[in-house]
Every structure is written in structure tokens, then in C-alpha cells.
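1. Mind looking at a prediction? Sequence and model below.
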Amino acid sequence: MILPIYAYGHPVLRKISNNIDKDYPKLQELIDNMFETMYFSSGVGLAAPQVGLNINLVVVDTNPYSENYSEANNIKQAFINPEIIERTGDDWEFNEGCLSLPEIREEVVRKKEIRITYYDENFVFHDKTFNSVIARVIQHEYDHINGILFVDHLSSLKKTLLKRKLNDISKGKIKTDYKMIIPKKK
Ligand code: ZN
């Protein structure tokens, strides 16, 4: 089932999410739905807060990048209760977008390599190192479960320039091919 995506300005995107255990209701169904939603909206990653749930769950599929980054091939993975242990390597600028912030793309600087612990969808524990574009997508999604959005990493000048666009998104003045949940007016 394709789920609607919560738009910039919704409080669910700003909360710190909680860990879950393997008894979380209909977890496999939720993971399947998140993958389906991500593919439908042409994303490479999706975090649970983006579908309205403040839980520590993200899904990633970097295959669309595999033409330019061979290591991105065949990375399709759910990360449950992920924890980034270490960020290493060079600072690396990469053009990011976000399904919760349609039509905005900006260069974001992040570290090139991460070490992360997580559970997979069978609740098997992993301690792994990822780099390049995979580490990029994981860091973006990991931000989401900590209430952080990619625009938070931009300079204050860039943020000022984006203010109107961000305002439009939070008011629903955007067109997307996928359904969005717009924050209620205060
Ligand atoms: Zn995002």
C-alpha cells in the first residue's frame, strides 16, 4: 500500500523517534509499504517519520545511483533502531533532495564513511561500515529519525533564500505525483 508522505512543517518530522522491538504491530507490512511508497515517489530512502510514525525505522535502496556508483548496486535494506557509531573520511558535497521537501535540491556536506549498528527486518543485529552514496543516503534518513532535515545543514543565507519555497510546501502550494499530508493551519 502506498502511504501519504508528510510535508515540511509537520511536527512529526521534528520529533526524536523511538526504538521498536520485533513485536511492533505489522512491522513487515509497514516495511513493505515504506518500500512501495519510496519506489512510487522515486525516492532512494524513506524514514518512518515521513509516513507519520516516530519510530526508528528507515528503508534505503540506492540502486538508482548504481550507474555512477557501482557500490550502490543491490543495496536494498531496512534499518531498524540504527545508530551511527562513527562518521569518518573526507567531507563530501552531494546534491540532496527529500520527498518531504519536493522541488528543493541543494548541495549538502557530509562525511564520506559511516559505521552503523542496526537490526534488519528479521531482527538480526549488524555492525557495518558504508561509504560513498550509500553512507550519504543512510545519513540523510538517520537525520529524519532525529528530527533533522537536510535543509538544516545549509548556510543561513541559503536557508533565507529557500524560505518562500519552504513556506509554500508547508501550505500545500506544491504539486507532487504522490499524496502528501500538509500541516494543519495554526
Ligand atoms: Zn528526506
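-> Received, thanks. Numbering: from 1, shown residues only.
2. use CA for all of it now, contacts and neighbours both
-> OK.
3. helix or strand for the residue nearest to the spatial centre of the chain, which one?
-> Nearest to the mean C-alpha position of the chain, by Cα atoms, centre = their mean, lies Glu141 at 2.9 Å. Element membership for Glu141, per DSSP states H and E: helix 132-145.
4. could you dump whatever helix or strand comes next after that helix to CSV, C-alpha only?
-> Next along the chain after helix 132-145, taking DSSP H and E as the criterion, comes helix 156-170. In CSV, the C-alpha atoms belonging to helix 156-170 read as follows (Å, rounded to 0.1, in the frame of the first residue of the first chain):
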residue,chain,number,x,y,z
SER,A,156,21.8,30.7,6.9
LEU,A,157,22.0,32.6,3.5
LYS,A,158,20.8,29.5,1.6
LYS,A,159,18.1,29.0,4.2
THR,A,160,16.9,32.5,3.8
LEU,A,161,16.7,32.1,0.0
LEU,A,162,14.6,28.9,0.5
LYS,A,163,12.2,30.4,3.0
ARG,A,164,9.4,31.1,0.5
LYS,A,165,9.7,27.7,-1.1
LEU,A,166,9.6,26.0,2.3
ASN,A,167,6.6,28.1,3.3
ASP,A,168,4.8,27.1,0.1
ILE,A,169,5.4,23.4,0.9
SER,A,170,4.1,23.7,4.4
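5. distance between stretch 51-58 and the chain's centre?
-> With Cα atoms, centre = their mean, to the nearest Å as the basis, stretch 51-58 stands 10 Å off its chain's centre.
6. And the closest residue to Leu57 other than its chain neighbours, which helix or strand is it part of?
-> Spatial nearest neighbour of Leu57, chain neighbours left out: Ile80 (4.7 Å); criterion: Cα to Cα, 6 or more residues apart in numbering. Using DSSP H and E, Ile80 sits within strand 76-96.
7. What average pLDDT does that strand get?
-> Averaging pLDDT along strand 76-96 gives 97.
8. which residues touch that strand?
-> Residues outside strand 76-96 that contact it (Cα atoms under 8 Å, 6 or more residues apart in numbering) are 19-20, 31, 56-63, 105-121, 123, 142, 150.
9. list the contacts for Leu149?
-> If you count contacts by Cα under 8 Å, 6+ apart, then Leu149 has Leu13, His140, Asp143 around it.
10. got the buried residues for stretch 77-91?
-> Across stretch 77-91, burial judged by 16 or more other Cα atoms under 10 Å covers Gln77, Ala78, Phe79, Ile80, Asn81, Pro82, Ile84, Arg87.
11. so which of those comes closest to Leu46?
-> Leu46 has its nearest neighbour among the buried residues of stretch 77-91 in Ala78, at 9.6 Å by Cα to Cα.
12. Cool, thanks, talk later.
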